[in-house]
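# model the following, please.
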Amino acid sequence: MRLQPHEFMNHAPDEAGTKVRVNHNSTNCSGNSTSMVIERKNDGTVSAKCFRCGQWGTDKNGSKPSMFSAPKNIDRSANTPNDLVHEWAKWDVRATTYVNQFGFSEEVTTLAGIGWSPHRRRLIIPVSNRTAENAGWIAKSFDDHPRYYTRTNTPENMYWQREVDTSEVLVVEDVLSGIRGSEGLSSFALLGTSLTNKMTRELSRYNKFYIWLDNDNSIVKQKQLEIFNKLSLFGEVKMIKSNKEVKELGIDKIKDILYK
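Numbers count the residues shown, from 1 in each chain. Below is the predicted model:
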């Protein structure tokens, strides 16, 4: 099924050669992760692909209503916004409530680089790679749409991983789940449900894999099977079937589920 321009053009980046990731809210896609990558090419054409449901589309005209244009004075690079504040007292109360509901403390969010951007009025969740280099960031809004968007120049490189043990790794969907899982073992966040070739090469260093994605629809279950088959080439793979996300649980409960 093809994506229609009205499904992605409202979120298309203004600048040629840049990409964003946003939710794909559709009756054919659960849309609960930043699964759709939208790119404005150098010729002005806009393309979009949802890595959750597989739908894609292009708009050769590349037009975008001015009401959706981002403010011109905002840095659109993958660098973390320079107005980021980490002290919860300076956050929107809804942002502190959001992270606190998962049991994250101010110390944990500060160490992870999570902060509030007063200019954007969004919670900023940095995404880094295994060597702790900045790969981009996710912005969550409590007022505007899209509710989430991700800024990066290289979407395929975007993952959050902390190496704790080199023999096994927990594969999850989102960065917060990656942070929580890394309290006990190496964690790798896909930022969606697709495993790219580059991610596969990165994960091939391990020999035991725990796949813990949202079991919310048949499309995701199919994606899990694809990931299972890819990682089985490198070692033992265990599929975790739970109605809870990793970020919703404490590390002791996570370990109980993984090792039972």
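# how about low-confidence regions in the stretch 151-260 of the chain?
153-158, 216-217 (pLDDT under 70).
# got it, and the stretch 1-150 of the chain?
For the stretch 1-150 of the chain, the ranges with pLDDT under 70 are 1, 27-28, 30-34, 63-77, 131-132.
# all helices of it, in order?
93-100, 106-111 (DSSP state H, counting those that start in this stretch).
# ok, and what's touching the shortest one?
Translated: helix 106-111. 86-88, 99, 115, 179 (C-beta atoms under 8 Å, 6 or more residues apart in numbering). Yep, even glycine has a C-beta here, placed from its N, CA and C like the rest.
# columns neighbour count on top of those residues, output as JSON lines?
Formatted as JSON lines, the contacts of helix 106-111 follow (neighbours: other C-beta atoms under 10 Å):
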{"residue": "His86", "neighbour count": "16"}
{"residue": "Glu87", "neighbour count": "10"}
{"residue": "Trp88", "neighbour count": "17"}
{"residue": "Val99", "neighbour count": "22"}
{"residue": "Gly115", "neighbour count": "24"}
{"residue": "Ile179", "neighbour count": "25"}
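# any idea which residue sits dead centre in the chain?
For the chain, the residue nearest the mean C-alpha position is Leu191 (3.0 Å; C-alpha atoms, centre = their mean).
# tell me the spacing between Leu191 and Lys19.
13 Å (C-beta to C-beta, to the nearest Å).
# over to Ser177?
23 Å.
# compare the two (neighbour count), which wins?
Neighbours were counted for Ser177 and for Lys19 using other C-beta atoms under 10 Å; Ser177 has more, 26 against 21.
# Lys247 is in contact with that one, correct?
Yes - with contact defined as C-beta atoms under 8 Å, Ser177 and Lys247 form a contacting pair (4.3 Å).
# was I right about Leu203 contacting Thr166?
No - at 11.7 Å, Leu203 does not count as touching Thr166 under the criterion of C-beta under 8 Å.
# neighbour count for those two, which is higher?
Taking neighbours as other C-beta under 10 Å, Leu203 and Thr166 compare with Leu203 leading, 22 against 10.
# is it possible to export the helices of the stretch 1-150 of the chain to CSV including distance to Ser218?
Output for the helices of the stretch 1-150 of the chain, formatted as CSV (distance: least, C-beta to C-beta, whole Å):
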stretch, distance to Ser218
helix 93-100, 29
helix 106-111, 34
